[in-house]
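In: Provide a 3D model corresponding to the input given below.
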Amino acid sequence: MEPAARQAFPRHRDLPHAPRLTGYAAAVSSAGRFAELDPLLPPPVPLAGGERLRAVTASGTRVSAMLQRYRHGPGDAPLLWSAAEVWQLFPDPETAGTEAFDALLGALRSQVDTEAPGADSACVVNWPSRDAEAIRAFLDHGLVPLAALAVRPAVAPEETAADASIRLAGPDDYPAALALCTATFDYTGLVAHRKREQTAELLGPALRRALGEKATWLAEADGEVAALAQCDWVESAPGNEAAELLPTGRWGYVNNVVTAPGSRGRGIGRALMARAHRELLNQGATGTYLYYNPTNPLSSVFWHRQGYRPLWTSWEAHPAWALR
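Out: Predicted coordinates for the structure are as follows:
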């Protein structure tokens, strides 16, 4: 099994220096459009703040979006999956058609041109994965699908056998778990966001907390830790942050999954995730979700085989001035 991506979308509690990101302007027509794109998308909710960008398409239609800018400091965990400087565009949810997104991205590029973004910067748009007309504009403007939020229904996993023992992880497993999690960024640093020199320091605090919460499982083979699945619980309820991205319910969050390179190809990752899925579903999960990198040739295959499919995609241009 492959290393899975760390969370790539900026969940609001992970952005200590960012303004509150509360989604999209509510409107009945917007909710209808989102439902047409994908029945699993939650209804749009009000956006709290930011700078309003306006544009006019070639055919004369007025379109708009909110722009939010934020910067991560050297010790902020989102640096694991994000640039340090981010220009994030939130198109109004009723935005439809390639021409509309083309106009908004042109307005964003004009805004970036008035500033001086550094090399560690990005323009980001999170948008429903199934909007093909938007995808055309994203590609034309040089954006890359660097992350996807994918969901899996509450379906029991198939029984999977592997030559490994699987158990709950605990605080005593911290050194081995940290080494395994840190090593995965050697690979994802090649196929997605660049690896940070301080990866272990950024990973450590959250991992230490997770090992005390009984939602992380380890697979051991030949007397060594072979794989890890670090999970969590997220409640999506009307008005909270998770409801911006997920249908209402109690979701199992598959946060970090990695198999040691020498243990891949033996079915250990499949067996580990079968155990994790079973445990989460037995505890009442509405479903499970995770973030993966579509540009990762391993995870883009593994997670689809596990029953996940993308709901939201994060389109990014690095550096910010690479946006066309």
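In: mind listing the strands for the stretch 101-250 of the chain?
Out: For the stretch 101-250 of the chain, the strands defined by DSSP state E, counting those that start in this stretch cover 121-128, 144-153, 165-168, 216-221, 224-236, 249-259.
In: Of all the ones you listed, which one is nearest residue 198?
Out: strand 249-259 (16.8 Å; C-beta to C-beta). To be clear about C-beta, it is placed using only N, CA and C from the backbone, and glycine gets the same treatment.
In: Buried residues of the following helix or strand past that closest one, list them for me.
Out: The C-terminal neighbour of strand 249-259 among helices and strands, as given by DSSP states H and E, is helix 268-282. For helix 268-282, the neighbour count (16 or more other C-beta atoms under 10 Å) marks 268-277, 279-281 as buried.
In: What is the nearest of the residues you listed to residue 159?
Out: Using C-beta to C-beta, the buried residues of helix 268-282 come closest to residue 159 at residue 274, 7.0 Å.
In: Hmm, residue 158 and the closest one touching each other?
Out: Yes - Residue 274 is within contact range of residue 158, at 6.8 Å (criterion: C-beta atoms under 8 Å).
In: Could you dump the strands of the stretch 101-250 of the chain into JSON lines and include distance to residue 104, mean pLDDT and mean neighbour count?
Out: Compiled in JSON lines, the strands of the stretch 101-250 of the chain are given as follows (distance: least, C-beta to C-beta, whole Å; pLDDT from 0 to 100; neighbours: other C-beta atoms under 10 Å):
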{"stretch": "strand 121-128", "distance to residue 104": "9", "mean pLDDT": "97", "mean neighbour count": "23"}
{"stretch": "strand 144-153", "distance to residue 104": "18", "mean pLDDT": "97", "mean neighbour count": "22"}
{"stretch": "strand 165-168", "distance to residue 104": "47", "mean pLDDT": "95", "mean neighbour count": "14"}
{"stretch": "strand 216-221", "distance to residue 104": "40", "mean pLDDT": "95", "mean neighbour count": "21"}
{"stretch": "strand 224-236", "distance to residue 104": "28", "mean pLDDT": "95", "mean neighbour count": "21"}
{"stretch": "strand 249-259", "distance to residue 104": "30", "mean pLDDT": "95", "mean neighbour count": "24"}
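In: between these, which gets nearest to residue 309?
Out: That would be strand 144-153 among those, by C-beta to C-beta, at 5.9 Å.
In: tell me the angle that closest one makes with strand 249-259.
Out: With axes from the mean of the first three to the mean of the last three C-alpha atoms, to 10 degrees applied, the angle from strand 144-153 to strand 249-259 works out at 120 degrees.
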